[in-house]
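Engineer: the sequence isn't on hand, but the structure is:
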């Protein structure tokens with residue numbers, strides 16, 4: 001990379017991508033209410049590969065504690081049920097003709113704690129991605145320094161901006177996780 005702006009933009013893009021992924025994962029976290037996002041990204045083995053459930057079925061929430069899944073291809077009913085069983089959601093999908101109905105029992109305190117821990121772990125994994133982006137950007141900044149095209153002050157300022165970017169994204173990830181944790185822990 002030849003200039004500080006490119007280094008900063010690429011670091012920001014990598015961090016933004018990781019934050020977006022975290023947001024999607026948090027949508028699927030189990031709270032007290034049913035949501036289609038809980039099952040949208042469950043990987044189902046279909047047609048020789050793993051595919052997101054939302055591309056294989058119509059998913060709806062007929063009641064606040066139920067999710068209804070209607071596969072577009074009825075032969076996928078069993079693979080979808082298996083994928084949900086393996087997902088760790090802790091629910092039992094019940095076949096109803098050509099559909100699956102998931103009744104979400106009230107979450108116990110223990111289940112809420114486990115879900116809160118799971119999303120905190122997701123946040124830590126996201127922060128690792130942020131830090132890796134910072135490391136790569138700092139490495140590119142050091143390469144600019146070696147080339148002699150930029151002064152030490154320019155490189156120091158670039159590294160400071162990279163660190164500020166990291167702080168901004170870590171703060172945003174923490175905020176999102178805290179909001180979701182409060183939602184999970186509220187009965």
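Structural biologist: Perfect, I can see it now. Remember, it's a predicted structure, so these values are computed and weren't measured experimentally.
Engineer: low-confidence ranges, the chain, go.
Structural biologist: Counting by pLDDT under 70, the low-confidence segments of the chain come to 1-2, 187.
Engineer: can I see the domain layout of it?
Structural biologist: Residue ranges for each domain of the chain read 4-26+108-185, 33-103, as given by automatic domain parsing.
Engineer: in JSON lines, list those along with mean neighbour count.
Structural biologist: (Glycine included, C-beta is placed from N, CA and C.) Supplementary listing: the domains of the chain in JSON lines, determined by neighbours: other CB atoms under 10 Å:
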{"stretch": "domain 4-26+108-185", "mean neighbour count": "16"}
{"stretch": "domain 33-103", "mean neighbour count": "16"}
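Engineer: for residue 12, which non-adjacent residue is closest in space?
Structural biologist: With sequence-adjacent residues excluded and distances taken as CB to CB, 6 or more residues apart in numbering, residue 12 is closest to residue 165, at 5.8 Å.
Engineer: for that neighbour, give me its contacts.
Structural biologist: 8, 11, 12, 15, 134 (CB atoms under 8 Å, 6 or more residues apart in numbering).
Engineer: show me the contacts for the first one.
Structural biologist: Under the criterion of CB under 8 Å, 6+ apart, the contact partners of residue 8 comprise 137, 158, 161, 162, 165.
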